[in-house]
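Student: Need coordinates for the below:
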Amino acid sequence: MSHVDEVKISSLYDLSHTMAAKELEGLTYPWEMLPLIKDTILKIGATLGDDYIRRGEDVWIHKTATVFDSAYINGPAIIGANTEVRQCAFIRGNALIGENCVIGNSTELKNVIIFDNVQVPHYNYVGDSILGYKSHMGAGSITSNVKSDKTLVVVKGYDEYSDIAIETGLKKFGAMLGDHVEVGCNSVLNPGSVIGRNTNIYPLSPVRGFVPANSIVKTGNVIVEKKND
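Tutor: Numbering: from 1, shown residues only. Reported below is the predicted structural model:
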C-alpha cells in the first residue's frame, strides 16, 4: 500500500457503520464527502420509515434516541437509534449521526458524519469532519476547520510520509478520524488532519496533517507506532 492509499476511505472506515455508505463508496478521499453531506441527509431522510420521528423541517430522530429538551437541532439532521443528545448540545445543521452515539453537553456539530458508536461527550466542537466507528473525542477536544490565513486546505504527511500532499480545494475542512481513534482531552485537530485507524492522541496535543494507523501521538507531536502486546 502506498502512503497516499492510507488517507483513502477504504483505509480509514468500515462503511457498514454509517447510513452514508453508498455515497462514500463512490468517492476516493473522505473529505470529498463534505460538500455532499446536506444533500445526502435529505436523500436518506426521505426514505426513513416509521421508526423515525420528523421534528420540524428536515430533522429525523429515531424513536429510541434520547434528546434533552435544552438541546438545539437545526436541519437537515438525522439522529440514529439509541443515540443520546445531551443538555445544551448545539447541532447547527448538516449532521448525520449514527446509532449508539453520545453527543454531549455543550457539544457543537456542523456539517459532519458521525459513524455508529461515536462519543463526543463533553464540550467538543466538530465541524466539517467525519468521525469513524467507535472513535472518541475527549473532553474539550475540537476540530479546527479553517486555516488562520484562510487558504485552501492541503492534506500533508510528515517525514517518511512527505509524499502525501493532496490539494482538497476546500476552505473548510476539520478532521477525518478513522475507526477506533481516541483523541485526548483538550487536543486540537488542525485543518486537514487525517487520523488513521486505532490511533491514540495524548491530551493537549496539537495535531496537523496525516497520522498513520496504529500510532500514538505523544506530547511534543512525537508519533510512534503502537507495540503489540
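
Student: What segments of this protein are helices?
Tutor: Secondary structure of the chain (DSSP state H): helices at 9-12, 21-25, 37-45.

Student: Packing partners of the longest one?
Tutor: In terms of contacts (3 or more C-beta pairs under 8 Å, 6 or more residues apart in numbering; DSSP states H and E), helix 37-45 is packed against strand 77-79, strand 95-97, strand 108-114. (C-beta placed from N, C-alpha, C; glycine too.)

Student: Export the ones you listed as CSV, with columns for mean pLDDT and distance to Ile195.
Tutor: Conversion of the helices and strands packed on helix 37-45 to CSV gives the following (pLDDT from 0 to 100; distance: least, C-beta to C-beta, whole Å):
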stretch, mean pLDDT, distance to Ile195
strand 77-79, 98, 24
strand 95-97, 98, 19
strand 108-114, 98, 15
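
Student: nearest to Tyr161, of the ones you listed?
Tutor: Closest to Tyr161 of the helices and strands packed on helix 37-45, according to C-beta to C-beta: strand 108-114, at 24.6 Å.

Student: Given the closest one, what are its sheet partners and their directions?
Tutor: Sheet pairing of strand 108-114 (DSSP bridges) gives strand 90-91 (parallel), strand 95-97 (parallel), strand 125-131 (parallel).

Student: Just say which of the ones you listed is most tucked in.
Tutor: Most buried of those, by mean neighbour count (mean count of other C-beta atoms under 10 Å): strand 95-97, with a mean of 28.

Student: Give me the below-cutoff pLDDT ranges for the protein.
Tutor: The model of the chain has pLDDT under 70 over residues 1, 229.

Student: how close does Ser215 sit to Ser205?
Tutor: 12 Å (C-beta to C-beta, to the nearest Å).

Student: And the two? Which one has more around it.
Tutor: Taking neighbours as other C-beta atoms under 10 Å, Ser215 and Ser205 compare with Ser205 leading, 22 against 19.

Student: wait, that one sits on Glu182?
Tutor: No. Applying C-beta atoms under 8 Å, one finds Ser205 not in contact with Glu182, separated by 11.3 Å.

Student: Turn the helices of the chain into TSV, columns for mean neighbour count.
Tutor: Listed next are the helices of the chain as TSV, based on neighbours: other C-beta atoms under 10 Å:
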stretch	mean neighbour count
helix 9-12	19
helix 21-25	15
helix 37-45	18
